[in-house]
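Asker: Whatever this is, show me its structure:
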Amino acid sequence: MNTPDASPWRLSVAPMMDWTDRHCRYFHRLLTRRTRLYTEMVTTGALIHGDRPRHLDFNAEEHPVALQLGGSEPADLAFCAKLAEQWGYDEVNLNCGCPSERVQRGAFGACLMNEPALVADSVKAMRDAVSIPVTVKHRIGIDQDERYEFVRDFVGQIAEAGCEVFIVHARNAWLKGLSPKENREVPPLRYETVHRLKRDFPHLTIVLNGGVTTQEQITEQLQHLDGVMLGREAYHNPWLMSQWDELFFGADHRALDRAAIEQQMVDYMERVGLRGEPWSRVVRHMLGLRNGLPGARRWRQVWSDHTLKAEPARAVARLAAA
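Answerer: Numbering: from 1, shown residues only. Next comes the predicted model:
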């Protein structure tokens, strides 16, 4: 698929709490150079009052990389967007899709879809503060309200504030009665709603998120939309990403080898260790590297063995390969 002018949002890996940290993103970047990567959601409060380097530092190799913010105060979001730009992020994304009760108590996430004027004010404040793209990730509805007009009007109002990129999780968010995990599985997927948004807003970049797990499904969705975002499938089966640059960005074929990727991660773990951080925080993100191959289970068991945590990563790699 020759796509030299492909959208920067053509393929991306979703922001996932506790998963898409800087170590995970470094690993993913070894598999794909063009796919857009996202941080875990970081709240404005954590950046205003907390340890900024811990939340914002990233490896130079991660570009293109976006910071996802959680918050609902326009001034705070603008301040944090400035931090994102100063730190070198390529995009700042506003979370309007997370349904967890903790996020709801903070009055942000998916419940912001009920306050499009506030989201529009937030987007405008961020856009006035920075020159990098400001994007929004959202659901297609709230609770059992499946009217297309709800999400159409939300997107329309935010677009008027200057947002040009919408990442659309093709499920409603049920704010009561479902856990975040159930919210990724129980509300039905409605891809046609996302396709309809693209038809109604052809000038906007519309990216689909939710339920896509194969290269064939990605190809199908790209017939209708500007991009596809994968989450858990990319995390658990990362080798899927090794073909993306060639298949979906028209890049020259690059022969990747799982053993070489593992060795690069061992080198990275050693560098992390020199900074005083245990390599065990890194290795968990690459445990899907050998999925489907003979010996994968034992390989995962060795790398996950808590009794080996005090050993150098290079020594554990030799045990895993034995």
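
Asker: Now do the SS call for residue 224.
Answerer: What DSSP: H, G, I helix; E, B strand; the rest coil gives for residue 224 is coil.

Asker: which ones are touching it?
Answerer: Residue 224 makes contact with 194-195, 198, according to CB atoms under 8 Å, 6 or more residues apart in numbering. In this view, the C-beta of every residue, glycine as well, is placed from N, C-alpha and C.

Asker: among these, which are in helices?
Answerer: 194-195, 198 (DSSP state H).

Asker: Now do residue 242 against residue 99, distance only.
Answerer: Counting by CB to CB, to the nearest Å, the gap between residue 242 and residue 99 amounts to 32 Å.

Asker: Which of those two has more residues huddled nearby?
Answerer: With other CB atoms under 10 Å as the criterion, residue 242 and residue 99 differ in neighbour count, and residue 99 comes out ahead with 26 against 19.

Asker: Give me the three-state assignment for the more buried one.
Answerer: Using three-state DSSP, the structure places residue 99 in coil.

Asker: Run a quick neighbour tally on the closest residue to it other than its chain neighbours.
Answerer: Spatial nearest neighbour of residue 99, excluding adjacent residues (CB to CB, 6 or more residues apart in numbering): residue 173 at 4.0 Å. A count of nearby residues for residue 173, using other CB under 10 Å, gives 26.

Asker: Repeat that for residue 37.
Answerer: 24.

Asker: dump the residue contacts of it.
Answerer: Listed by CB under 8 Å, 6+ apart, the contact partners of residue 37 are 12-13, 20, 25, 28-29, 62, 64-66.

Asker: hey, what's it bridged with?
Answerer: Residues in a beta bridge with residue 37, per DSSP bridges, are residue 13, residue 65.

Asker: Would you check how far apart it and residue 63 are?
Answerer: Taken as CB to CB, the span from residue 37 to residue 63 is 8 Å.

Asker: the bottom helix or strand of the chain by mean pLDDT?
Answerer: Ranking every helix and strand in the chain by mean pLDDT, DSSP states H and E puts helix 101-105 at the bottom, with a mean of 64.

Asker: export the ones in helices among the contacts of residue 224 to a markdown table and tack on neighbour count and pLDDT?
Answerer: Listed next are the ones in helices among the contacts of residue 224 as a markdown table, based on neighbours: other CB atoms under 10 Å; pLDDT from 0 to 100:
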| residue | neighbour count | pLDDT |
| --- | --- | --- |
| 194 | 23 | 98 |
| 195 | 17 | 98 |
| 198 | 18 | 98 |
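
Asker: I'd like to know which of these is nearest to residue 167.
Answerer: Nearest to residue 167 among the ones in helices among the contacts of residue 224: residue 194, at 10.0 Å, using CB to CB.

Asker: does the closest one really touch residue 225, like I thought?
Answerer: Yes. Using CB atoms under 8 Å, residue 194 is in contact with residue 225, at 6.6 Å.

Asker: roughly how far is stretch 234-242 from the heart of the chain?
Answerer: 13 Å (CA atoms, centre = their mean, to the nearest Å).

Asker: contacting residues around that stretch?
Answerer: Counting by CB under 8 Å, 6+ apart, 13-14, 16, 19-20, 24, 27-28, 31-32, 35, 215, 230, 233, 256, 258, 285-286, 288-289, 291-292 sit against stretch 234-242.

Asker: Please pick the buried ones from the residues you listed.
Answerer: Among the contacts of stretch 234-242, those that count as buried by neighbour count (16 or more other CB atoms under 10 Å) are 13-14, 16, 19-20, 24, 27-28, 31-32, 35, 230, 233, 258, 285-286, 288-289.
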